[in-house]
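Participant: the following block contains a protein sequence and its predicted model.
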Amino acid sequence: MDHLGIAMKRVCAATIAAAGLCLAADVEAEYRLGTFSADVTVPMGHGMMGGAWRSRSVADPLEAHGLVLQGLDKPVVFVAVDWCEIRNDAFGRWQRVLAEAAGTEPERVMLCTVHQHDAPVADLTAERILRERGVQGTVCDPAFHEVAVQRVAQALRESLSNMRRVTHLGLGAAQVERIASNRRYVGPDGSVRFDRTSSTRDPAAQAAPENLIDPWLKTLSLWDGETPLVAVSAYAVHPMSHYGKGDVSADFPGLARRMRQRELPEIKQIYLTGCAGNLTAGKYNDGAPTNRAVLAERLRQAMAKAWAVTRRVPLTEAAFRVERVRLEPRDGPGFTVSDLDEKITAASKPFEQCLAAMGWSWRQRADGGHRIEIPCLDLGAAQWLVLPGESYIEFQLAAQRMRPDSFVLVAAYGEGATGYIPTERHIAEGDGNLIDWSWVAPGSEGRLLDAIRRVLRVSDTEASRAPWKANLPTEDRVTHDPILHITTYGQ
């Protein structure tokens, strides 16, 4: 038996033993699953990536894919949307409508976007600000937004009539080859650079090591006995190959997901993006349109490998919890209320107007006392959580190190109003990506890490030895086997 099989045998034995201790209490428990999907493709002329350009054609559709799990005290919903971001009151609208459809509470709707850039940002308050000012910038169409939300809610409601029993989890993982790289690298002159974007033609950026990434694609699946029902795959990388020409597209993750759905038509396929704020495909992508299919195939191969090594674990317990964290709004030059207000004028370019309106939308929400939710669906052998905005990869790796005994699945791009959430080190080093798409103040690192610790139920005693409080390596490749729970570093 290989190491993976031995590890999973131990997990199963421990889970079964634990179940035996509380068999009498849990004998009535039964978990049931519904899956759903809906088209959320924007109409032509719609704002893309927060108003940077407008849609002109559809290369491939945008979709929302989700599941609803019953058997807890109240249902839990998860939805991944092929949009760039869902922010502020738009995020709340999705949660309320889907919660009503599922018969649950809004906080139990675990919502995230996949974060493709040939896709829209939803921020209803920002759009209202722009329209009240009569400027050219447009973030989103509120009427279409409501159509999309209701379409997904209807698909969710229909899934409730076709629920399936869930008896097991499936845990699988595979290393992804030649996709992700860190934005940060050291140039030939020894300077720290952050310009390795989603597509890069700079030979120095292409030649530099991948640096800090999470090379593992994880697949968490739910089963009825020996019958798999849904496979949720997660990988941390900005999901863009080429973009910005007006073509609507779910990009290479959408293509890979659809390929897997054709290969396994009876198993619902869902894909989510991990903490990819500082990860791109730039080392392996020069922006040629043909690379979209190449990256999709590499991702598909990793999804197939993760599925091939998946091991089942009895589902004997499930719980949902949420922690809330206040992330202070950014208030330096260019981000004060007066600075934002001055940019929402006809004298500014349309995208600058949109950025300012999104910043102001967040300021209103944050200044009103809003705290961001960090939800976690705890399935015993696995913990599944959603982090806000463009959280940097350090937060995903920290979450895994907080629960080294478990299978931790991390989705980012939940509440999108924060934009980039960097580490303090990135701020100190002058990460150039933080100029205009980061709306949280310095100090957010510690607050977010503490919220992750609380939602993962890491004790104060364990926290006193917290290895995740020290910044993780920035130059080395980190390899954390999500089944064997071994972390190694090296090129």
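Facilitator: That came through, no problem.

Participant: for the residue nearest the centre of the chain, give me its contacts.
Facilitator: Among the residues of the chain, the one closest to the centroid is residue 412, at 2.7 Å (CA atoms, centre = their mean). Residues counted as contacts of residue 412 (CB atoms under 8 Å, 6 or more residues apart in numbering) are 112, 115, 236, 273-277, 386-391, 395-396. For every residue, glycine as well, the C-beta is placed using N, CA and C.

Participant: repeat the analysis, applying 6 Å as the threshold.
Facilitator: Taking CB atoms under 6 Å, 6 or more residues apart in numbering, we find residue 412 in contact with 274, 275, 387, 391.

Participant: same check on residue 354?
Facilitator: 50, 51, 137, 139.

Participant: can you give me the helices for the stretch 351-491 of the chain?
Facilitator: With DSSP state H, counting those that start in this stretch as the criterion, the stretch 351-491 of the chain has helices at 393-402, 424-429, 444-455, 460-463.

Participant: export those helices to a markdown table and tack on mean neighbour count?
Facilitator: As requested, the helices of the stretch 351-491 of the chain are exported to a markdown table (neighbours: other CB atoms under 10 Å):
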| stretch | mean neighbour count |
| --- | --- |
| helix 393-402 | 24 |
| helix 424-429 | 16 |
| helix 444-455 | 21 |
| helix 460-463 | 10 |
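
Participant: can you pull out the low-pLDDT segments for the protein?
Facilitator: 1-29, 463-491 (pLDDT under 70).

Participant: cutoff 90 now
Facilitator: For the chain, applying pLDDT under 90 flags the ranges 1-29, 405, 459-491.

Participant: which residues touch stretch 56-64?
Facilitator: So stretch 56-64 is contacted by 37-41, 79, 81-82, 119, 152, 246-250 (CB under 6 Å, 6+ apart).

Participant: pull out the buried residues from that stretch.
Facilitator: 59, 60, 62, 63, 64 (16 or more other CB atoms under 10 Å).

Participant: chain center to it: distance?
Facilitator: The chain centre lies 20 Å from the centre of stretch 56-64; the measure is CA atoms, centre = their mean, to the nearest Å.

Participant: look at that stretch and report the distance between its end residues.
Facilitator: Terminal residues of stretch 56-64 are spaced 21 Å apart (CA to CA, to the nearest Å).

Participant: in the strand or helix carrying residue 296, what's buried?
Facilitator: Assigned by DSSP states H and E, residue 296 belongs to helix 291-308. Neighbour counts using 16+ other CB under 10 Å place 291-292, 294-296, 298-307 of helix 291-308 among the buried residues.

Participant: tell me what it is packed against?
Facilitator: In terms of contacts (3 or more CB pairs under 6 Å, 6 or more residues apart in numbering; DSSP states H and E), helix 291-308 is packed against strand 168-175, strand 216-224, helix 251-263.

Participant: cutoff 7 Å now
Facilitator: strand 168-175, strand 216-224, strand 227-235, helix 251-263 (3 or more CB pairs under 7 Å, 6 or more residues apart in numbering; DSSP states H and E).

Participant: reformat those as JSON lines; add mean neighbour count and distance to residue 378.
Facilitator: What follows is the helices and strands packed on helix 291-308, written out as JSON lines (neighbours: other CB atoms under 10 Å; distance: least, CB to CB, whole Å):
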{"stretch": "strand 168-175", "mean neighbour count": "23", "distance to residue 378": "11"}
{"stretch": "strand 216-224", "mean neighbour count": "24", "distance to residue 378": "12"}
{"stretch": "strand 227-235", "mean neighbour count": "22", "distance to residue 378": "15"}
{"stretch": "helix 251-263", "mean neighbour count": "21", "distance to residue 378": "25"}
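
Participant: export those as JSON lines, with columns for distance to residue 199.
Facilitator: Putting the helices and strands packed on helix 291-308 into JSON lines (distance: least, CB to CB, whole Å) gives the following:
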{"stretch": "strand 168-175", "distance to residue 199": "23"}
{"stretch": "strand 216-224", "distance to residue 199": "21"}
{"stretch": "strand 227-235", "distance to residue 199": "18"}
{"stretch": "helix 251-263", "distance to residue 199": "12"}
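
Participant: circling back: looking at the helices of the stretch 351-491 of the chain, which is nearest to residue 163?
Facilitator: Residue 163 sits nearest to helix 444-455 of all these, at 26.9 Å, using CB to CB.

Participant: ok and that closest one relative to helix 393-402, angle-wise?
Facilitator: Per axes from the mean of the first three to the mean of the last three CA atoms, to 10 degrees, the angle that helix 444-455 makes with helix 393-402 is 30 degrees.

Participant: would you put the C-alpha positions of helix 444-455 in PDB?
Facilitator: The C-alpha atoms that make up helix 444-455 are tabulated as PDB, following Å, rounded to 0.1, in the frame of the first residue of the first chain:
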ATOM      1  CA  SER A 444      -5.200  43.500   8.100                       C
ATOM      2  CA  GLU A 445      -2.800  40.500   8.100                       C
ATOM      3  CA  GLY A 446      -3.000  40.000  11.800                       C
ATOM      4  CA  ARG A 447      -6.800  40.400  12.000                       C
ATOM      5  CA  LEU A 448      -7.500  38.000   9.200                       C
ATOM      6  CA  LEU A 449      -5.100  35.400  10.500                       C
ATOM      7  CA  ASP A 450      -6.800  35.600  13.900                       C
ATOM      8  CA  ALA A 451     -10.200  35.100  12.400                       C
ATOM      9  CA  ILE A 452      -9.000  32.100  10.400                       C
ATOM     10  CA  ARG A 453      -7.500  30.700  13.700                       C
ATOM     11  CA  ARG A 454     -10.800  31.100  15.500                       C
ATOM     12  CA  VAL A 455     -13.000  29.600  12.700                       C
END
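
Participant: other residues contacting that helix?
Facilitator: Helix 444-455 has contacts (CB atoms under 7 Å, 6 or more residues apart in numbering) with 321-323, 325, 327, 374, 376, 385, 395, 398-399, 402, 421, 423-424, 463, 468-469.

Participant: rewinding a little: gap between the helix holding residue 296 and the chain center?
Facilitator: With CA atoms, centre = their mean, you get 18 Å for helix 291-308.

Participant: helix or strand next in line after that helix, which one?
Facilitator: Downstream of helix 291-308, the next assigned helix or strand under DSSP H and E is strand 311-314.

Participant: partner strands of that next one, with direction?
Facilitator: strand 168-175 (antiparallel) (DSSP bridges).

Participant: okay, the angle between the strand it pairs with and strand 227-235?
Facilitator: Strand 168-175 and strand 227-235 are oriented at 40 degrees to each other (the same axes, to 10 degrees).

Participant: can you list contacts of strand 168-175?
Facilitator: Contacts of strand 168-175 (CB under 7 Å, 6+ apart): 215-223, 228, 302, 305-307, 309-315, 379, 381-382, 407, 482-483.

Participant: what angle do that strand and helix 291-308 make?
Facilitator: Relative orientation of strand 168-175 and helix 291-308, computed by the same axes, to 10 degrees: 130 degrees.

Participant: so after strand 168-175, what's the next helix or strand?
Facilitator: Toward the C-terminal end, the helix or strand that comes next after strand 168-175 (DSSP H and E) is strand 181-182.

Participant: so how far is that next one from its chain's centroid?
Facilitator: Distance, centroid of strand 181-182 to centroid of chain: 17 Å (CA atoms, centre = their mean).

Participant: and which of the contacts of stretch 56-64 is nearest to residue 435?
Facilitator: Distances from residue 435 to these, taken by CB to CB, are shortest for residue 119, at 22.2 Å.
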